[in-house]
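Asker: give the three-dimensional model of this entry:
(one chain, ligands or ions: 1)
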Amino acid sequence: MGGEGALSMDTEPLYQAIFKRKSVRNFKPEGLGAKELEQVMAMAKEAVPLFPDIRTSFKLVGSEDVRGIFKVTAPHYLAIYSEAKEGHMANAGFLLQQMDLYLSSKGLGSCWQGGPKPTRGMREHEGLQFVIMLAFGMADEPVHRGSMSEFKREPLGKMTVVHGREDLLAAARLAPSGMHNQPWYFTGADGCVEVHASKSVDVANMNQISAGIALCHLRLAGLHQGKRWTWCATRGGQRAPQRAMCTSPRRASQPETVAALRFSQSLSGPASWAIRPP
Ligand SMILES: Cc1cc2nc3c(=O)[nH]c(=O)nc-3n(C[C@H](O)[C@H](O)[C@H](O)COP(=O)(O)O)c2cc1C
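Answerer: As a prediction, the model looks like this:
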């Protein structure tokens, strides 16, 4: 079980960025200054983990040390390293998405990089294994979407059986995902949202990372609603209900439960739930 006490990272600008962020793939060649990079790393240190027992670390990597398919050329890359433990991919997605939103909120461009890897010699850091990274820097294209209609996402009804919690789930729906496959499915009861991900076909387990990103958006939406929240201690092990397996072919076959967020009642009003009967 985890929880949330005093927050040091201001989460409201991150929440607002959910509704306008986009992947940026064109960057100005000049990099950020040392002070700005220091600020980015200071923020990374303040990012809140999904599973606090998993040790992680961030590192800045230059373009010359990044290789691989779907590489976006940028002056900087923010890589996350982790110990290999159950839930570590979702945890990495959850942490790094806070940085994606932070950079967007500051008017900087960023793009998730699931294909590229750091060169040999950069794949370990502080005894932890490289997981994934974000390309970032000054954008040479608009950083934000002009309107919500520019989000290309499946309708919420295809992602959940939960009814009446659009305030939380609308934010999760807008999460970016590897290959844009939107591999998540949401269930819930009694103030608890469970997030499930389709089994990844790739060895990198990208769907778990994407589910961690959706969990990050859920948490920010919960904080925005003023709910106090605690984690349900679900990670792995459980299977999503049958109906989650047949929503779309892309989301087919044996989804895995990634984690669940429990939102307790806010001080200002009841957190009422309505779950559609199965
Ligand atoms: C885990 C993950 C890996 C990704 N890998 C790449 C990549 O290697 N190259 C790339 O250009 N975009 C990559 N993306 C960006 C997605 O294609 C993009 O998020 C998705 O198409 C939705 O678009 P949006 O971010 O503009 O909302 C990745 C996104 C995620 C979440």
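
Asker: next one: phi and psi at the spatially most central residue of the chain?
Answerer: For the chain, residue 213 is the residue whose C-alpha lies nearest the centre (C-alpha atoms, centre = their mean; 1.5 Å). Main-chain dihedrals, residue 213, degrees, to the nearest 10: phi -70, psi -40.

Asker: could you do the one 3 residues further on as well?
Answerer: Recorded main-chain torsions at residue 216 are phi -60, psi -40, according to degrees, to the nearest 10.

Asker: could you count how many residues lie near it?
Answerer: 28 (other C-beta atoms under 10 Å). For every residue, glycine as well, the C-beta is placed using N, CA and C.

Asker: and the gap between the residue nearest to the centre of the chain and the ligand?
Answerer: 6 Å (C-beta to the nearest ligand atom, to the nearest Å).

Asker: again with residue 225
Answerer: 23 Å.

Asker: surely that residue touches residue 168?
Answerer: Yes. Using C-beta atoms under 8 Å, residue 225 is in contact with residue 168, at 7.1 Å.

Asker: could you check which of the two has the larger neighbour count?
Answerer: In terms of neighbours (other C-beta under 10 Å), residue 168 is the more surrounded of residue 225 and residue 168; the figures are 24 against 18.

Asker: check which element follows the strand or helix carrying that one along the chain.
Answerer: According to DSSP states H and E, residue 168 maps onto helix 166-173. Following helix 166-173 in sequence order, the next helix or strand is strand 184-189 (DSSP H and E).

Asker: average pLDDT for that next one?
Answerer: For strand 184-189, mean pLDDT is 84.

Asker: residue 138 touches residue 110, doesn't it?
Answerer: No. Between residue 138 and residue 110 there is no contact, the gap being 10.9 Å when judged by C-beta under 8 Å.

Asker: and the two? which has more neighbours close in?
Answerer: residue 110 (29 against 19).

Asker: the more buried one contacts residue 134, correct?
Answerer: Yes. The criterion here is C-beta under 8 Å, and residue 110 meets it with residue 134 at 5.0 Å.

Asker: what does stretch 109-116 contact?
Answerer: 23-27, 66-72, 74, 77, 96, 99-100, 103-104, 132-141, 143, 176, 178-179, 204, 206, 209 (C-beta atoms under 8 Å, 6 or more residues apart in numbering).

Asker: just those that are near the ligand?
Answerer: Of the residues in these, proximity to the ligand by C-beta under 6 Å from any ligand atom holds for 23, 25, 70, 72, 176, 178, 206, 209.

Asker: now, those residues that are in helices?
Answerer: 206, 209 (DSSP state H).

Asker: by neighbours, which of the ones next to the ligand among the contacts of stretch 109-116 wins?
Answerer: Result: residue 209 is most packed of these (other C-beta under 10 Å), 28 neighbours.

Asker: my guess is that residue meets residue 178, correct?
Answerer: Yes. Here residue 209 reaches residue 178: they are 6.5 Å apart, a contact under C-beta under 8 Å.

Asker: and residue 78, what does it touch?
Answerer: With contacts defined as C-beta under 8 Å, 6+ apart, residue 78 is in contact with 40, 44, 58, 59, 60, 61, 96, 99, 133, 134, 136.
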